[in-house]
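> Need a 3D model of the following:
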Amino acid sequence: MAKRMFEFRIYPTIKQTNRLKKQFFLVMKLYNLLLLLGRDQYHANGENLSRNDMNHAITRIKELDTEFNKVHSQVLQNVSDRISKAYKHFFRRLKEKRMGKSIKAGFPRYKKFLKTITYPQSGFKFVSDKLLYIGKVGNVPIVRHRPVIGTIKTMSVKWTRSGKWFVVFCCDISDDPKIAEKLEVSKKEWNFKHEVGIDMGLEKFLATSDNGIVENPRFLKKAMKRIKMLQRRLSRKAKGSKNRKKGRLKLAREQERVANQRKDFHWKVAHILIATYDLIAIEGLNIKKLLKDNPLARNISDAGWGEFIRILGYLAGSAGVLIVVVDPAGTSQECSRCHAIVPKDLSVRIHNCPYCGLVLDRDINSARIILYVARRTAGLAGTYACGDVANTLWLDCKASDVCETRTIFG
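Next up, the predicted model:
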């Protein structure tokens, strides 16, 4: 089942905003009540509440407290679904931990606030191109900057710390015959005329095996001076005052601006790669491990490798592009021509092989190794006729010259 998300900004009035805030508070309150009931049930009988049990409990809670009638029934039932999934993942992690995996089990905790509420089946509809009806809220102005493709399955309302409101539609695009046909044709005709290996980095955001580079924009580093200034101003304002509220909004908007810049950059680069290549080999980075006790943790977070890889996979799924994940161990130390091991630390930016004389940027060399390993592990490495050269390794690179790089984006 192919899914696609469509996000649009909405502009509720002051009354509608207050209704939404009230609904978010009531949903959070219900979540904590059901979690408390589940814990009491487990301590008393050693059994967990099922989803149906929680739905029956919601009906009784609505009878005792009529305030919950201000929230659409579908939204309230979604709370039981959230808690049941939270328990399911908790027991899964607990089982993995007992099997020796070094992870935290993470028992479901009480919520201080919620960022989203979900309408799983009904309670919303498009009144016109500029109005969206939301149950118990009313007709809310919406900016539909693109059409919604497929069948809408769920709608989530979310808010940001800067005071903006959005709706996110989860759509099933497998019902669309044009998209389904496109996916099937792409998978049947995978011949990989255009392949690429990608090496992620900090000096360069990424380097490709065909000498392409994308510079690291470092959005957070550029905005850090203003963010620090806003943080200092906020710390000096009295708690609970209107000035503190204004200062918090200014800081949230600046942080959101940086996040939006990074998000826009990731989507643009991912679109270029998906439109250019049929097969993309990437590193399987353990980003959580890289962020632990690392002096470069802030720079790694600023680059946003994990979010970029997620976006790349999302686009590849609907475009019929194959993504191959490669173990990154040793990819920066191996020569892409003779495959000899050439040790070098992070400060050495040029790969200079003493065995075959290959000299080129170390990131491009790593990208070529990543593509080579991807072809070998995925069973894609073929035989080439005499005189033919696989574009995986050579790419018209002279042994004694540094390869000329080309900028893909920026």
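> can you give me the helices in the chain?
Counting by DSSP state H, the chain has helices at residues 14-45, 51-64, 73-98, 177-188, 219-235, 242-276, 287-291, 297-303, 305-319, 362-377.
> To Gly330, which of those helices lies closest?
helix 362-377 (8.1 Å; Cβ to Cβ). C-beta here means a position set from N, CA and C on the backbone, and glycine is covered the same way.
> Which elements pack onto the closest one?
Helix 362-377 sits against strand 195-200, strand 204-208, strand 279-283, strand 322-326, strand 350-352, with contacts defined as 3 or more Cβ pairs under 8 Å, 6 or more residues apart in numbering; DSSP states H and E.
> Enumerate the positions of it that are buried.
362-375 (16 or more other Cβ atoms under 10 Å).
> Could you do stretch 257-268 as well?
Across stretch 257-268, burial judged by 16+ other Cβ under 10 Å covers 258, 262, 265-267.
> Could you measure from the most centrally placed residue in the chain over to Arg109?
In the chain, the centroid-proximal residue (Cα atoms, centre = their mean) is Glu307; its distance is 4.0 Å. Separation of Glu307 from Arg109 (Cβ to Cβ, to the nearest Å): 25 Å.
> One more: Ile282?
34 Å.
> who has more neighbours, those two?
Legend: neighbour count by other Cβ atoms under 10 Å for Ile282 and Arg109, higher for Ile282 (26 against 9).
> Number of residues surrounding the residue nearest to that one when sequence neighbours are not counted?
Leaving aside its chain neighbours, Ile282 sits nearest to Ile198 (5.0 Å; criterion: Cβ to Cβ, 6 or more residues apart in numbering). By the measure other Cβ under 10 Å, the count of residues near Ile198 is 26.
> give me the low-pLDDT residue ranges for the chain?
1, 175-193, 378-404, 410 (pLDDT under 70).
> tell me the domain ranges of it?
3-175, 187-409 (automatic domain parsing).
> how far out from the middle of the chain is the longest one?
Which is domain 187-409. 15 Å (Cα atoms, centre = their mean, to the nearest Å).
> Then the shortest one?
In terms of Cα atoms, centre = their mean, the centre of domain 3-175 is set 19 Å apart from its chain centre.
> re earlier: most tightly surrounded among the helices of the chain?
Most buried of these, by mean neighbour count (mean count of other Cβ atoms under 10 Å): helix 362-377, with a mean of 24.
> And the contacts of that helix?
195-199, 201, 203-204, 207-209, 211, 213, 279, 281-283, 324, 326-328, 331-332, 334-336, 344, 348-351, 358, 380-381, 392-393, 395, 403, 405 (Cβ atoms under 8 Å, 6 or more residues apart in numbering).
> Report the inter-axis angle for that helix versus strand 195-200.
130 degrees (axes from the mean of the first three to the mean of the last three Cα atoms, to 10 degrees).
> Could you export helix 362-377 as CSV, CA atoms only?
Output of helix 362-377 as CSV, limited to C-alpha atoms (Å, rounded to 0.1, in the frame of the first residue of the first chain):
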residue,chain,number,x,y,z
ARG,A,362,38.5,11.5,-0.6
ASP,A,363,34.7,12.0,-0.6
ILE,A,364,34.4,11.1,-4.3
ASN,A,365,36.6,8.1,-3.8
SER,A,366,34.3,7.0,-0.9
ALA,A,367,31.3,7.5,-3.1
ARG,A,368,32.7,5.2,-5.8
ILE,A,369,33.5,2.5,-3.2
ILE,A,370,29.9,2.8,-1.9
LEU,A,371,28.5,2.2,-5.4
TYR,A,372,31.0,-0.7,-6.0
VAL,A,373,29.9,-2.4,-2.7
ALA,A,374,26.2,-1.8,-3.5
ARG,A,375,26.5,-3.4,-6.9
ARG,A,376,28.4,-6.4,-5.4
THR,A,377,26.1,-7.0,-2.4
